[in-house]
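**Student:** Requesting a structural model of the entry that follows:
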Amino acid sequence: MKLIKALWWGELPLWKTYWQYGVGVNLLLGAVLFTLQFNSLRLMSAVPGFVWIFRAVWLFAVFYGLFMVGAVWRSAGNYKGSGVYKVLARGAAVVGAIQVLRAVVETVTPAGIDEYSL
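**Tutor:** All right, here's what the predicted structure looks like:
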């Protein structure tokens, strides 16, 4: 809980917040979601409740992505180094927010529901 609080309030170093928790964990979540979706036909018949597992992981990834947007934004605000890194990190946070919102819209629209009908 201490780590979550420190991330949210930007108390961790910017490099660690951005690269370790922002990029690294999001890559892992993306790999898990890709693997689940790629194998969804096989897993749906083999794993009872697979659809709910996939939806739970997807929902966690959405909330984690939005959480990290706030964490990176605040960490950049607390950064004492070069102003260039502040601007780049905040720009990346805005791009990250747009990506998360795009993923949500694509998934919950009728076309997305048909494509990802899990």
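**Student:** And the strand or helix carrying residue 58, what's buried?
**Tutor:** In the assignment (DSSP states H and E), residue 58 maps to helix 50-78. Buried residues in helix 50-78, counting neighbours by 16 or more other Cβ atoms under 10 Å, are found at 50, 54, 58, 61-62, 64-65, 67-69, 71-76. Heads up, the C-betas are built off the backbone N, CA and C, glycines and all.
**Student:** ok, those vs residue 19, which is closest?
**Tutor:** Comparing those against residue 19 with Cβ to Cβ places residue 72 closest, at 10.1 Å.
**Student:** List the contacts of the closest residue to residue 71 other than its chain neighbours.
**Tutor:** Distances taken as Cβ to Cβ, 6 or more residues apart in numbering put residue 7 closest to residue 71, at 4.4 Å, once the chain neighbours are dropped. Contact analysis of residue 7 by Cβ atoms under 8 Å, 6 or more residues apart in numbering lists 17, 21, 67-68, 71, 75.
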